[in-house]
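[1] The following comprises the amino acid sequence and a computationally predicted model.
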Amino acid sequence: MRITTIITALVLVTILSCSKEDEWQTVSMTGSYTNTPDVSGGFHSISLPVGGTIQVPKKYKVGGSDNIVGNIDETKSTLEVKTVSINSLTGAFDLTFTIAIFDKNGDKVDYKGTGQSYTNGTGLSWQHFTEGTGKYDGISGWLNTSLVTNPTTGVHTITVLEGQATYIKQ
């Protein structure tokens, strides 16, 4: 009887001490976004090689959706342009930026990226995940995007060309 009690106690301790491993998944990224200039963030003033300057917004509101966060909460989601310079070889604007995207529940994904914006209103960018909160905690991955700029409004329409994200399966 005593051995049965000890064995039962050991089995219970073993079962109760086991923890469930998180199940991770890797998915291909799809989606499209809009980056709308937020003039309250101020502007970078860039000197042009032919003379004069151009003003580039430092901050954008981010909207749209992708297959990771679903519909983006545009009231909280932002892109901040950190640096802008003119590429002497291509004539494009070279940019570095950070992006914070929130879903409808307030969970967040953060990115860092670089991009090139060309004088014809198109561009390319490359981003990688830097962190996440809530259900995106521990997210990793990357994406490449294309952009088209509306010359009247300055709004960028962004399309995911390729990418992948690894995160905990919900």
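    In hand now; what should we look at?
[2] surely Gly138 meets Tyr167?
    Yes: between Gly138 and Tyr167 there is a contact at 6.7 Å, judged by Cβ atoms under 8 Å. Bear in mind the C-beta positions are built from the backbone N, C-alpha and C, glycine included.
[3] ok, these two, which is more surrounded?
    Tyr167 (21 against 13; other Cβ atoms under 10 Å).
[4] Mind listing the residues bridging to that one?
    Gln25 (DSSP bridges).
[5] Next, the buried residues of the strand or helix carrying Tyr33.
    Here Tyr33 sits within strand 31-37, counting by DSSP states H and E. Using 16 or more other Cβ atoms under 10 Å as the test for burial, strand 31-37 gives Gly31, Tyr33, Thr34, Asn35, Thr36, Pro37.
[6] can you give me how far it is from the chain middle?
    Strand 31-37 has its C-alpha centroid displaced from the chain centroid by 11 Å (Cα atoms, centre = their mean, to the nearest Å).
[7] Each with direction, which strands does that strand pair with?
    Strand 31-37 has the following sheet partners, assigned by DSSP bridges: strand 59-66 (antiparallel), strand 156-168 (antiparallel).
[8] Give me the contacts around it.
    With contact meaning Cβ atoms under 8 Å, 6 or more residues apart in numbering, strand 31-37 is reached by 57, 59-68, 72, 79, 145, 147, 153-160.
[9] what do you get for stretch 128-142?
    26, 29, 68-69, 98, 105-113, 126-127, 163-168, 170.
[10] Go through the buried residues of strand 31-37 and say which is closest to Asn120.
    Taking Cβ to Cβ as the measure, Asn120 lies nearest Asn35 of the buried residues of strand 31-37, at 17.7 Å.
[11] Dig out what that closest one forms beta bridges with.
    Under DSSP bridges, the beta-bridge partners of Asn35 are Val62, His156.
[12] what about the residue nearest the centre of the chain, helix or strand, and which?
    By Cα atoms, centre = their mean, the chain has its centre lying nearest to Tyr111, at 4.0 Å. Assigning secondary structure by DSSP H and E places Tyr111 in strand 108-117.
[13] List the neighbouring strands of the helix or strand following that strand plus their orientation.
    Per DSSP H and E, strand 108-117 leads on to strand 122-132 as the next helix or strand towards the C-terminus. Here strand 122-132 has these sheet partners by DSSP bridges: strand 108-117 (antiparallel), strand 140-149 (antiparallel).
[14] could I get those strands as JSON lines with mean pLDDT and distance to Thr133?
    Formatted as JSON lines, the strands paired with strand 122-132 follow (pLDDT from 0 to 100; distance: least, Cβ to Cβ, whole Å):
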{"stretch": "strand 108-117", "mean pLDDT": "97", "distance to Thr133": "5"}
{"stretch": "strand 140-149", "mean pLDDT": "98", "distance to Thr133": "14"}
